[in-house]
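> Whatever this is, show me its structure:
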Amino acid sequence: MVTVQFYTQASMFLAGLDEDWARLVAEVGPCRFESKTQRDPYQALVRAVAYQQLHPKAGDAILSRFVGMYQGVFPQPQQLLDTTFDALRACGFSARKIETIQGVALGALSGKVPSHTQAVSMSDEALIEQLVKLKGIGRWTVEMLLIFTLERMDILAADDYGLALGYQRLKGLEKPPKPKELAKIGEAWSPYRTVASWYLWRVPKT
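Predicted structure coming up:
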């Protein structure tokens, strides 16, 4: 469990980077990062897949219908595999995403997707390397798992377009930075890149 003191230190560190960061931290206020550590990697990955390339509200709607099929309880891997393609399509999953979440479920049963206990003991890069071998699972999806399920506090999902837009607004840029550029810029935010991401997702639009 990450402490309030850690978030306070992270906010102070970011506010000390420059005037733009100081203003953002002041406007947004203390970091109130909310993790979901009770979820295992299987569930976290399926949820992340639902949000791939979608607005958060669209992802919320898909997951609501999906979990609703199982009386409001997130399905176990075998339950997901036993669910028909048409039923999953009716939730809003694309054919590609159905193939991906079925692959995640198979991975959970075979051990390719680690348990929560196993994942906690693995490094960031080891988890990324193992899980991106699953079809349809890219680095961004695993980074969402690292951030929101495992509470890794120095993760910057450089491929996340929302972060790039946040940085663009923060700095008044003409266009958002490319992933490689954002990753390089973000090195200065270590060891608090997760908290920096939390703030960038909340940069005011005006």
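> Locate the most centrally placed residue in the chain within the secondary structure: which element?
The residue lying closest to the centre of the chain (C-alpha atoms, centre = their mean) is residue 144, at 2.0 Å. Residue 144 is part of helix 139-148 when elements are defined by DSSP states H and E.
> chain center to that helix, what's the gap?
4 Å (C-alpha atoms, centre = their mean, to the nearest Å).
> Likewise for stretch 67-83?
With C-alpha atoms, centre = their mean, you get 21 Å for stretch 67-83.
> Quick check: chain neighbours aside, which residue is closest to the residue nearest to the centre of the chain?
Leaving aside its chain neighbours, residue 144 sits nearest to residue 48 (4.3 Å; criterion: C-beta to C-beta, 6 or more residues apart in numbering). C-betas here are computed from N, CA, C, even on glycine.
> how many neighbours does the one you found have?
Residue 48 has 24 neighbouring residues, counting by other C-beta atoms under 10 Å.
> Which of the three states applies to it?
Look at residue 48: counting by DSSP: H, G, I helix; E, B strand; the rest coil, its state is helix.
> Residue 97 now?
Per three-state DSSP, residue 97 ends up helix.
> And for residue 114, the neighbour number?
If we define neighbours as other C-beta under 10 Å, then residue 114 has 20 of them.
> check which helix or strand covers residue 72.
Going by DSSP H and E, residue 72 is not in any helix or strand.
> Can you give me the distance of residue 133 to residue 41?
Counting by C-beta to C-beta, to the nearest Å, the gap from residue 133 to residue 41 is 14 Å.
> neighbour count winner among these two?
Between residue 133 and residue 41, counted using other C-beta under 10 Å, residue 41 has the larger neighbour count: 25 against 9.
> Give me the nearest residue to the more buried one, chain neighbours excluded.
The spatial neighbour of residue 41 that comes closest, neighbours along the chain excluded (C-beta to C-beta, 6+ apart), is residue 119 at 5.0 Å.
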